[in-house]
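In: Need a 3D model of the following:
(one chain, ligands or ions: 1)
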Amino acid sequence: MKMYRTTLVALAALCAPVAMAQTAPKIKVGLMLPATGTFAALGTAIENGFRLYVAEQGGKIAGREIEYVKVDDESDPAKAADNVNKLIKRDNVDVLVGTVHSGVAMAMAKAAKDSGTLLIVPNAGADAVTGPMCSPNIFRSSFSNWQPGYAMGEVVAKKGHKKAVTITWKYAAGDESVRGFKEAFEKGGGQVVKELSLPFPNVEFQALLTEIAAAKPDAVYTFFAGGGAVKFVKDYAAAGLKKSIPLYGAGFLTDGTLEAQGADADGLLTALHYADSLNSPRDAAFRLAYAKAYKLQPDVYAVQGYDAAQMLGIGLAATKGDISKKNEIAEALRKAKIDSPRGAFTLGKSHNPVQDMYLREVSGKENKMVGIASKALADPGRGCKM
Ligand code: PHB
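Out: Numbering: from 1, shown residues only. Predicted coordinates:
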């Protein structure tokens, strides 16, 4: 009897640390992404990338299991405050990951700033998020809208084009992408002679394409993405413009869209922080793992989702899984070199990636890297005080 009791006590002592480890609460990740609408495929790729990194870590980040709470934000800014507040207040998430649309992301940044919740933005480029709204608990694994626009403006000016027309959706992402393009293009001696736009997510491009034909510029610069980008590229070619006026874009124009665009996208030049032919061992391993897991080729959105999870991992490793230590998480991320499939990057003072912008040319079903449009490009972080 005595021996039996001793054995039990010994067993209990042995099991105690295991039991404690097993009951360490999960990290609740609030995934706020579009599952419907023109950006639906982008949301899926981001989630796939995020989950791939977590799976590679054995389903855990910094030793803590992950639990997902998901919201379809529909890329609708009018619903954004309610959606994000539900995640923060009702679901008590530890970290917010989202989203694609800049207008929705600005509502998320406001809620994150007000509540102190950690936010990692895996796409939306709203300049304000790492500008006036910047905060010690807000990070971006993607880009600012200014970045690809500025890089493409430099390229188009260097090509010797003098007069450009821009065309985009009238909302933060379109406006800011065009502003970045214009800043570099005009610095390089060009002039934007007309800025065309239509409301998001409209795709009735016909009247605007007629205006482009009439204006006869040397070049067109555009920001469209997802389903809208597919239709724009097809309509531009169908209008006969592809032959006469070269079309340039922020790389979203041709990322994750090439199957649907077919030959109409062939030869298009765009600037982005990812390409399909980087040929680095890091990217090759990522692409293989992604293709195995999802039977799909990854795109820039998948990379940004993957890196959002990596960034969460870096932050939490520094606090041994304690999400409440926001200052230590921020300190670790500010010092980090993030080993991204796009190439390693660091975060600037306003927590936006400092990264190479590749010049890519569509060839077959790939965005082939044909050069560096802008090396280690840092967003100016205008208006960020922290
Ligand atoms: C944005 O709204 O910031 C946005 C959306 C889709 C993209 C890029 C940026 O592909």
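In: Just the element for the residue minimising distance to the centre of the chain, please.
Out: Centrality entry for the chain: nearest residue to the mean C-alpha point is residue 123, 2.2 Å, by CA atoms, centre = their mean. Using DSSP states H and E, residue 123 is not contained in any helix or strand.
In: got a list of what it touches?
Out: Residues near residue 123 by CB atoms under 8 Å, 6 or more residues apart in numbering: 42, 46, 99-100, 105, 142, 301, 304. Every C-beta, even on glycine, is put in place using the N, C-alpha and C of the backbone.
In: any residue of stretch 24-35 up close to the ligand?
Out: No. Shown here: stretch 24-35 not in contact with the ligand (CB under 6 Å from any ligand atom), separated by at least 9.3 Å.
In: Over to stretch 96-116?
Out: Yes. Judged by CB under 6 Å from any ligand atom, stretch 96-116 and the ligand are in contact via 100-102.
In: Would you mind naming what in the protein lies close to the ligand?
Out: By CB under 6 Å from any ligand atom, the residues of the chain that approach the ligand are 39, 100-102, 123-126, 145, 173, 225, 252.
In: Let's have these in CSV, adding secondary structure and pLDDT.
Out: Shown next, in CSV, are the residues of the chain next to the ligand (DSSP: H, G, I helix; E, B strand; the rest coil; pLDDT from 0 to 100):
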residue, secondary structure, pLDDT
39, coil, 97
100, coil, 98
101, coil, 98
102, helix, 98
123, coil, 98
124, coil, 98
125, coil, 98
126, coil, 98
145, coil, 98
173, helix, 98
225, coil, 98
252, helix, 98
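In: would you turn those residues into TSV with distance to residue 346?
Out: Shown next, in TSV, are those (distance: CB to CB, whole Å):
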residue	distance to residue 346
39	28
100	24
101	26
102	23
123	19
124	20
125	18
126	21
145	20
173	24
225	25
252	23
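In: Which one of those residues is nearest to residue 347?
Out: residue 125 (14.9 Å; CB to CB).
In: quick one, phi psi at residue 49?
Out: phi -60, psi -40 (degrees, to the nearest 10).
In: hang on, I meant residue 31
Out: phi -90, psi 110.
In: all strands in the stretch 101-250 of the chain, in order from the N-terminus.
Out: 118-121, 138-140, 163-169, 191-198, 219-223, 247-250 (DSSP state E, counting those that start in this stretch).
In: which of the residues of the chain next to the ligand tops the neighbour count?
Out: Tallying neighbours with other CB atoms under 10 Å puts residue 101 at the head of the residues of the chain next to the ligand, with 34 neighbours.
In: what's that one in contact with, if anything?
Out: If you count contacts by CB under 8 Å, 6+ apart, residue 101 has them with 34, 39, 73, 75-77, 124, 171, 173, 200.
In: Let's see which of these end up in helices.
Out: Taking DSSP state H, the ones among these that sit in helices are 77, 173.
In: Out of the contacts of residue 101, the closest to residue 256 would be?
Out: When those are compared against residue 256 (criterion: CB to CB), the nearest one is residue 39, at 10.2 Å.
In: I figured the closest one was touching residue 224, is that so?
Out: No. Using CB atoms under 8 Å, residue 39 makes no contact with residue 224, being 11.1 Å away.
In: Show the subsequent helix or strand relative to the helix or strand hosting residue 51.
Out: When elements are assigned from DSSP H and E, residue 51 belongs to helix 40-56. Scanning forward in sequence from helix 40-56 by DSSP H and E, the next helix or strand is strand 60-61.
In: Give me the below-cutoff pLDDT ranges for the stretch 51-200 of the chain.
Out: For the stretch 51-200 of the chain, not a single residue meets the criterion pLDDT under 70.
In: Does anything pack onto the one helix or strand residue 68 maps to? Which helices or strands?
Out: Assigned by DSSP H and E, residue 68 falls within strand 64-72. Counting contacts by 3 or more CB pairs under 8 Å, 6 or more residues apart in numbering; DSSP states H and E, strand 64-72 packs against strand 27-33, helix 40-56.
In: How is the chain partitioned into domains?
Out: 27-143+277-351, 146-272 (automatic domain parsing).
In: Identify whichever of the ones you listed lies nearest to residue 367.
Out: domain 146-272 (5.7 Å).
In: Start and end of that closest one, how far apart?
Out: 11 Å (CA to CA, to the nearest Å).
In: what's around residue 386, how many residues?
Out: Neighbour tally, residue 386, other CB under 10 Å: 12.
In: Now for it: which residues touch it?
Out: By CB under 8 Å, 6+ apart, the residues touching residue 386 are 134-136, 349-350.
In: what's the spacing between it and residue 200?
Out: From residue 386 over to residue 200 the distance is 29 Å, taken as CB to CB, to the nearest Å.
In: Return the distance of stretch 322-341 from the chain's centre.
Out: The chain centroid and the centroid of stretch 322-341 are separated by 18 Å under CA atoms, centre = their mean, to the nearest Å.
In: next one: stretch 221-241
Out: In terms of CA atoms, centre = their mean, the centre of stretch 221-241 is set 21 Å apart from its chain centre.
In: Now residue 213: closest residue in space, sequence neighbours ignored.
Out: In this structure, residue 213 finds its nearest non-sequential neighbour in residue 241, 6.4 Å apart by CB to CB, 6 or more residues apart in numbering.
In: Ignore what I typed, I meant residue 297.
Out: Nearest-residue entry for residue 297: residue 291, 6.2 Å, with adjacent residues in sequence omitted and distances by CB to CB, 6+ apart.
In: do residue 168 as well
Out: Per CB to CB, 6+ apart, closest to residue 168 is residue 174, 3.3 Å.
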